[in-house]
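**Q** pasting the sequence and the predicted model now:
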Amino acid sequence: MKARESWHILGIISEFVESTEKLASIRPAVSIFGSARLKPGSHWYEFTVDLSHRLSDCGFSVISGGGPGIMEAANKGAQAGKSPSVGLNIQLPMEQSGNAYQDISLTFRHFFPRKVAFAKYASAFIGMPGGFGTLDELTEVLTLIQTKVGRRIPVILVGRSFWQGLLDWIHDQLIGGGMVSPEDMDLIQILDDPEHIVGAIFDFYEGRGFTPGKEERETLMYL
């Protein structure tokens with residue numbers, strides 16, 4: 001059992017090494033999350049294709065989970081643009097299968113190194129409508145920023161009608177109960193227009209550039 005655990009740890013390390021080698025040069029990049037179950041032709045699928053195409057043409061690599069639905073839409077739009085389309089695929093018993101629109105494709109067996117790759121190489125996080133996985137990634141990146149373990153990046157939720165109920169609950173229950181600080185709400189934006197989303201990312205980095213500073217690079221070493 002001990003030997004098996006040791007090999008398991010080495011497998012995780014190998015995924016960190018491979019992702020570092022393949023992703024170190026893709027910055028600036030934007031991580032896009034959303035439901036794997038939304039189909040081509042649906043509103044949010046086509047919205048994501050348009051948004052990721054715009055981001056790609058503006059010089060952002062686009063990172064998705066590599067699967068179907070919103071992930072496929074993100075990779076599809078990015079690949080049609082000027083910058084790399086990146087898929088961080090995960091081996092799952094159900095639901096996950098790689099899409100065909102990935103210029104850089106990695107496959108993970110472990111969620112841990114995959115989560116680090118999403119956070120470490122992204123200059124912005126965009127949350128499209130999605131399920132538990134999307135909520136998991138959203139709360140993960142907010143926790144990293146809130147605790148200053150991760151660097152501050154734009155966190156943009158797309159679809160006010162989808163997300164507003166969650167933000168109302170955070171305000172009423174978490175802030176109202178003293179579980180998070182009121183200023184933590186400043187970490188999140190809700191935007192519905194692709195042009196405004198791209199503009200908000202550029203506005204955030206105006207005057208500071210996309211390259212992480214020395215202190216930020218040191219911080220990212222502890223992810």
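**A** That came through fine. Residues are numbered from 1 along each chain as shown.

**Q** nearest residue to the middle of this structure?
**A** Nearest to the mean C-alpha position of the chain, counting by CA atoms, centre = their mean, stands residue 31 at 3.0 Å.

**Q** from residue 17, how far off is it?
**A** 20 Å (CB to CB, to the nearest Å). C-beta coordinates here come from the backbone N, C-alpha and C atoms, glycine included.

**Q** could you do residue 193 as well?
**A** Going from residue 193 to residue 17 by CB to CB gives 40 Å.

**Q** next: residue 63.
**A** For residue 63 relative to residue 17 (CB to CB), the value is 18 Å.

**Q** ok, now residue 188?
**A** Distance, residue 188 to residue 17, using CB to CB: 33 Å.

**Q** do the same with residue 126
**A** 27 Å.

**Q** same question, residue 38
**A** 33 Å.

**Q** what about those two, which has more around it?
**A** Using other CB atoms under 10 Å, the more surrounded residue of residue 38 and residue 17 is residue 38, with 23 against 11.

**Q** for this structure, give me the ranges with low pLDDT.
**A** Residue ranges of the chain with pLDDT under 70: 1-4, 6, 93-96, 220-223.

**Q** please enumerate the helices of it.
**A** Assigned by DSSP state H, the helices in the chain fall at 2-23, 43-57, 70-80, 111-120, 132-146, 160-169, 194-205, 214-220.

**Q** which one of these has the most crowded surroundings?
**A** Of all those, helix 70-80 carries the top mean neighbour count, a mean of 28, counting by mean count of other CB atoms under 10 Å.

**Q** which strands and helices sit next to that helix?
**A** For helix 70-80, the packing partners by 3 or more CB pairs under 8 Å, 6 or more residues apart in numbering; DSSP states H and E come out as strand 29-33, helix 43-57, strand 61-64, strand 85-90.

**Q** next one: it to chain centre, how far?
**A** In this view, helix 70-80 has its centroid 13 Å away from the chain centroid, taken as CA atoms, centre = their mean, to the nearest Å.

**Q** quick one, what contacts the nearest residue to residue 201 once chain neighbours are set aside?
**A** When the adjacent residues along the chain are set aside, residue 201 lies closest to residue 124, with 4.8 Å between them (CB to CB, 6 or more residues apart in numbering). Shown in contact with residue 124 (CB atoms under 8 Å, 6 or more residues apart in numbering): 30, 31, 60, 153, 154, 155, 156, 201, 204.

**Q** neighbours of the closest residue to residue 114 other than its chain neighbours, how many?
**A** Excluding the flanking residues, the one nearest residue 114 by CB to CB, 6+ apart is residue 108, at 4.1 Å. Close neighbours of residue 108, defined as other CB under 10 Å, add up to 21.

**Q** next: residue 24.
**A** Counted with other CB under 10 Å, residue 24 comes out at 10.
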